[in-house]
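Chemist: Next one to model:
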Amino acid sequence: MDAAPLSRLADGCRIGVLADTHCDRGSRRLPAAAFEAFAGVQLILHLGDCGDASALDELARLAPVLATRGGDDSAADGRYAAMRVIAAGALTVGALFDVSAAGLLVHEGRPAAAAAADVDARLTGAFGRRVDVVLFAATHAPLVAHLGGVLFVNPGSATLPAAPTAASVAVLDVRAAVASVDIVRV
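Modeler: Numbering: from 1, shown residues only. I've put the predicted structure just below:
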């Protein structure tokens, strides 16, 4: 598989992450709290199932926006890609809608522990390079987990959270080759 396009951010960056919003021009819009959570970020990643792409335009008022494509996103809209890779300081972040597209088994919304032995090889094959962090979606439920030395983050959904979770987004902070993440209720 060809390597995903590479974007670069400086060390000390903050990345806003959201997914599974299924926005429409009517009643389902991004909540104001999501915009507040992303104040001061250098990049926003929408991980798929955005719905009405005007949500990407709204987010772009805060910071540059990259997006991965979910089933609710237009195949004709060039702003979406199957996968994204961001060099954030000394770390590499891979982003995609469904982590199973990287060849990882998923159990109850999280990468299956059985995949730990070959997680690095599978992710390198999918993203075309080694990644330290994987941002993914498709479950509408937030998750922060480690598997095989990789940090996995699912921001949940800012508009349609899976029960019993609350609406949420994530903010990824990368400093001095360390990634930390906050799941923010919106």
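Chemist: drop to CA atoms for contacts and neighbour counts, all remaining ones
Modeler: OK.
Chemist: which residue sits farthest out from the middle of this protein?
Modeler: Farthest-out residue of the chain from its mean C-alpha position, per Cα atoms, centre = their mean: residue 26, at 24.7 Å.
Chemist: Could you measure from that one over to residue 127?
Modeler: Residue 26 is 36 Å from residue 127, where distance means Cα to Cα, to the nearest Å.
Chemist: if we can go back for a sec, the residue farthest from the centre of the chain: what's it in contact with?
Modeler: Contacts for residue 26 (Cα atoms under 8 Å, 6 or more residues apart in numbering) come out as none.
Chemist: what stretches of the chain score poorly on pLDDT?
Modeler: 1-3, 5, 113-115 (pLDDT under 70).
Chemist: centroid residue for it?
Modeler: The residue lying closest to the centre of the chain (Cα atoms, centre = their mean) is residue 135, at 3.8 Å.
Chemist: so who does that residue touch?
Modeler: 47, 93, 94, 95, 96, 152, 153, 154.
Chemist: what about the fourth one, distance to residue 6?
Modeler: Shown here: residue 95 relative to residue 6, a distance of 11 Å by Cα to Cα.
Chemist: Kindly report the same for the last one.
Modeler: For residue 154, the distance to residue 6 equals 21 Å [Cα to Cα].
Chemist: which of the two has more neighbours?
Modeler: Shown here are residue 154 and residue 6; by other Cα atoms under 10 Å, residue 154 has more neighbours (29 against 15).
Chemist: ranges for the helices of this protein?
Modeler: 32-37, 54-59, 119-127 (DSSP state H).
Chemist: contacting residues around the longest one?
Modeler: I take that to be helix 119-127. Outside helix 119-127, the residues within contact range by Cα under 8 Å, 6+ apart are 1-4, 83-85, 94, 101-104, 129-131, 147-148, 150.
Chemist: Pull out the buried residues from those residues.
Modeler: Buried members of the contacts of helix 119-127, scored by 16 or more other Cα atoms under 10 Å, are 4, 83-85, 94, 102-104, 129-131, 147, 150.
Chemist: on that earlier part again, common neighbours of residue 95 and residue 6, please.
Modeler: Common neighbours of residue 95 and residue 6 (Cα under 8 Å, 6+ apart) are 84, 85.
Chemist: nearest spatial neighbour of residue 39, skipping sequence neighbours?
Modeler: residue 62 (7.0 Å; Cα to Cα, 6 or more residues apart in numbering).
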